[in-house]
Each structure stands twice: as structure tokens, then as C-alpha cells.
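Enquirer: The following block contains a protein sequence and its predicted model.
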Amino acid sequence: MKMSDRKEQGDNPALYCHALLEHASDGLVVADEERRIVFMNRAARELVGLAETEQFPDTCAELLQCRNDKDENLALAPLCFGHCVLNTKAPLSYVEMNIHSRQGDVIPVAVSYSYIPAGNRRYFLMSLRDLRERRHLEEERRKRDEMYFTLQERERLARDLHDGVVQDIAYSHMQLKLVQSLLAQGRVAEAQDKLRDVTEVVHDSFVELRHVLYDLTIHAGKDLKHFLSKWLAEFQQRSGIPVEVAMLEFPDTCDPYIGDQVTKIVQEALANVRKHSGATKAWMTLGACPVGPYRQQFSVIIEDNGCGIPEDVLHRFNQGWADHENAGRHFGLKAMRERAQSLGGILTISRRNPTGTRVELHWFQDISHEDAVKQAG
């Protein structure tokens, strides 16, 4: 800016400040102590579909739709973000919520609040950033991740079926031919022994196929808590391994993508318990705790009393599978970590004391404006 321009605008600071706010790229809204809107800039008007000559909403509650399930106005509730900022005189950054345009469209936005002292009056500034493009990109990324996981799981399934069920069927076929030969020679007792072996192998293959097919055809969606309770009951019945479950302040619903990823991690962890650990009992704990005013940490911990993960496998897992050949042999563990990373989370595996394995999944999630309002109601 030229010095002459500064001098000219310095003669009229109110005009300069108004132009600064009016032409900001983010939507800016100023409200007073009663939550009455006193200013909306051009970007905010465009965001909600207001013409330049059209009157903006009376209060920020009308703009942001601050209502609970009973359609009660929560603008003056203690949880109201504007109320919090006015009382604490401290800014509040990046609160995600939905607003509604005049055309009825739901628009995801991130809102940052700032306190504005003005003599005997108090105001607060809301800076609204449109998240539609970011949400679209996130959804595209999730679709790519899910396609990647699906292809990887298909490859793993083909390999597991070839190394397991297909080999069992081939073995059973050869043993049945031997039984025919033994019966033809009148060696009935030997034939019966072979048939018992075949029956056991076929039964084990049948059980394994049931596990695979069941896990492939179900998705948790948003009802993660209810789904895991139901799935664990099925797992215990099919595997004969009791699982003690504790759900500590865990929400009933969640984002469907998160629900599906967490489900796959739990399924893989307990499949390892069933197939490799020799465990007689397992434990699963689901928990959630606040780590900020509008942010929570979620965790899922699975333990068993089996033989424990082999030290060499644990070492390679902690090293990030630098050896690609070994990563291929332990695709399930690799996929668990990648699913955790897709949530922005962390997956750790360790040996449990005195015996067994411990798998921990931790991820963070912001509490939405709607959920915060429901909790206040």
C-alpha cells in the first residue's frame, strides 16, 4: 500500500475497517450480547444465499440453527459458543457445524469466535469457513481408501483360502480315495480311522468358511456400539472363546466410515485370537474421554490370554514391515495399521503380561455442533 493511500484511509479508519471486513474471503458475522446480528460481510451473505439488499437474520441462533431435538432455542444455553466467548473473553477456534442457506441447503462450516470489547457493550465475531470442498475431497479420499482396502482384502482372502480351505479340500479328496481303496481290500477299521480324520478336516474348513463369509457380508455403519455387541455375541458362539466387554462412555453412533474401519480392525484382531493364540478368554474395552472442550479421544483395546504374538513378528510390525515379503505374510496386521492411519489414529500391538497379546487403537474426533447441542439439551 502506498503512503498516500495509507494517509487517505487513515483519515477515515471506520471506512477502512468496514472495507477490510466486507472484502474478507471468509464469512464474517458480528453479534451483540443478545446474539443479535449487527454485521454480515459479503462472503457470509453469499454463503447463506442472501442478496445484498436482503435483510439478514435477527440473531445468530437463526443463522446457525441452534436448536435441540425438541426444537427449543438454545441460543442462550450455557453451551452456546457465543455465550462462552462473551463470558471467558477468550477466542474459540475452528468449531465445525452446519448452517442452513435460505434455499434450505445444509452447509458444513468451521466457525471461529473472537471477543470484541466496545466500551460498555460486548460483541463477538464469527468467522465462517465453507467446508463443502474439503468434505468432498475427504469423501473422495475415503472412497479411494476403501477401494484399496477392498482389493487388498480380496487378495488376502484368495491367499488364505488357497493355503487353508483349498488345501484341506485337496487333502480330503486324497484321503477319500484312500478310503475307497481300503474298503475294497476289506480293511474297514483303517477306512473308518481315515474317515474320522476327513470329517474333522471338513468340519474345520466349514467353520473357517462360515467365519470368512460372515465377516465379509456385514458392515457396522454408524451404529458401531450396537453392532459390536451383536457381532461379539456371534463371535463367542462360533469360536467358543468368551469375550469380556466394557464400554466406557462410548457413543451409540459414529461416522459410518469410522464404524466400518473400527469394525474391520476388531474383526482382524479377534480372528488372530481365534486362529493363532490358543486363548481361552479375551477382553475388549471401548472408551471415550474428552481431551478439549469440543474434542474426544476414542479407544478400543483387545487382549487375550493366549501364547502371545511372536517376538519376531512384533519386531517387524514395529519396524513398519521394511521386509515386504514378511509384510505379505502378515497382511492382516499391516491392514489393521493402515485402517487406523486412515482415521488419523494409532494402532499399537504388544505382548500382554503374563501371557497373550494386547492390541490398542486410539483416534481423535471433534464433537459436532449438533452433538454438543444435544448434550446441552
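Expert: Perfect, I can see it now.
Enquirer: measure P242 to A233 for me?
Expert: Distance, P242 to A233, using CB to CB, to the nearest Å: 11 Å. For glycine as for every other residue, the C-beta is placed from the backbone atoms N, C-alpha and C.
Enquirer: in stretch 252-264, what counts as buried?
Expert: Under the neighbour-count criterion of 16 or more other CB atoms under 10 Å, stretch 252-264 has 254, 257-264 buried.
Enquirer: biggest separation within those, which pair?
Expert: Distances among the buried residues of stretch 252-264 were taken as CB to CB; the most separated pair is C254 and K264, at 14.1 Å.
Enquirer: tell me the mean pLDDT for the helix or strand that contains L21?
Expert: Using DSSP states H and E, L21 sits within helix 13-22. Averaging pLDDT along helix 13-22 yields 80.
Enquirer: Same question for stretch 144-156.
Expert: In this model, stretch 144-156 has a mean pLDDT of 78.
Enquirer: tell me which residues of that stretch are tucked away?
Expert: Across stretch 144-156, burial judged by 16+ other CB under 10 Å covers 145, 149, 153, 156.
Enquirer: V243: what's it in contact with?
Expert: By CB atoms under 8 Å, 6 or more residues apart in numbering, the contact list for V243 reads 232, 235-236, 270, 281-284.
Enquirer: and G164, how many neighbours?
Expert: G164 sits with 16 neighbouring residues when counted by other CB atoms under 10 Å.
Enquirer: Also A90?
Expert: By other CB under 10 Å, 10 other residues sit near A90.
Enquirer: ok, and the closest non-adjacent residue to it?
Expert: Using CB to CB, 6 or more residues apart in numbering and skipping residues adjacent in sequence, the residue nearest A90 is Y115, 6.8 Å away.
Enquirer: beta partners for the one you found?
Expert: When assigned by DSSP bridges, Y115 has beta-bridge partners F124.
Enquirer: Surely it and F124 touch.
Expert: Yes: the criterion here is CB atoms under 8 Å, and Y115 meets it with F124 at 5.8 Å.
Enquirer: ok, now how distant is I99 from G259?
Expert: Distance, I99 to G259, by CB to CB: 26 Å.
Enquirer: Which residue is the nearest non-sequential neighbour of G278?
Expert: In space, and not counting its chain neighbours, G278 is closest to G306: 4.9 Å by CB to CB, 6+ apart.
Enquirer: Just give me how far the helix holding L21 sits from the chain centre.
Expert: Centroid separation for helix 13-22 versus its chain: 42 Å, with CA atoms, centre = their mean, to the nearest Å.
Enquirer: what does stretch 343-358 give?
Expert: Relative to its parent chain, stretch 343-358 has a centroid offset of 19 Å by CA atoms, centre = their mean.
Enquirer: Go through it and flag the buried ones.
Expert: For stretch 343-358, burial by neighbour count (16+ other CB under 10 Å) applies to 343, 345, 347, 349, 352, 356-358.
Enquirer: farthest-separated two in the residues you listed?
Expert: L343 and G356 (25.0 Å).
Enquirer: Could you find the closest non-adjacent residue to H23?
Expert: R42 (6.9 Å).
Enquirer: Identify the residues contacting the one you found.
Expert: Counting by CB under 8 Å, 6+ apart, R42 has contacts 22-23, 52.
Enquirer: thinking again about what came up before, now secondary structure too, for the buried residues of stretch 144-156, in TSV please.
Expert: Putting those into TSV (DSSP: H, G, I helix; E, B strand; the rest coil) gives the following:
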residue	secondary structure
D145	helix
F149	helix
E153	helix
R156	helix
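Enquirer: ok, so of the residues you listed, who is nearest Q175?
Expert: R156 (27.9 Å).
Enquirer: Surely the closest one and M336 touch.
Expert: No: here R156 does not reach M336: they are 11.7 Å apart, not a contact under CB under 8 Å.
Enquirer: about what we covered before: tell me which of the buried residues of stretch 343-358 fall in strands.
Expert: When DSSP state E defines the strands, the subset of the buried residues of stretch 343-358 inside them is 347, 349, 357-358.
Enquirer: now I99, what's its secondary structure?
Expert: What three-state DSSP gives for I99 is strand.
Enquirer: ugh, typo on my part, it should be S181
Expert: Applying three-state DSSP: S181 is helix.
Enquirer: For A189, see how far away it is.
Expert: Separation of S181 from A189 (CB to CB): 14 Å.
Enquirer: neighbour-wise, which of those two wins?
Expert: Using other CB under 10 Å, the more surrounded residue of S181 and A189 is S181, with 13 against 7.
Enquirer: So which bits of the helix or strand harbouring M336 are buried?
Expert: Secondary structure from DSSP H and E places M336 in helix 331-342. By 16+ other CB under 10 Å, the buried positions in helix 331-342 come out as 331-340, 342.
Enquirer: And those, which is closest to E249?
Expert: Proximity of those to E249 was ranked by CB to CB; the top entry is A340 with 20.7 Å.
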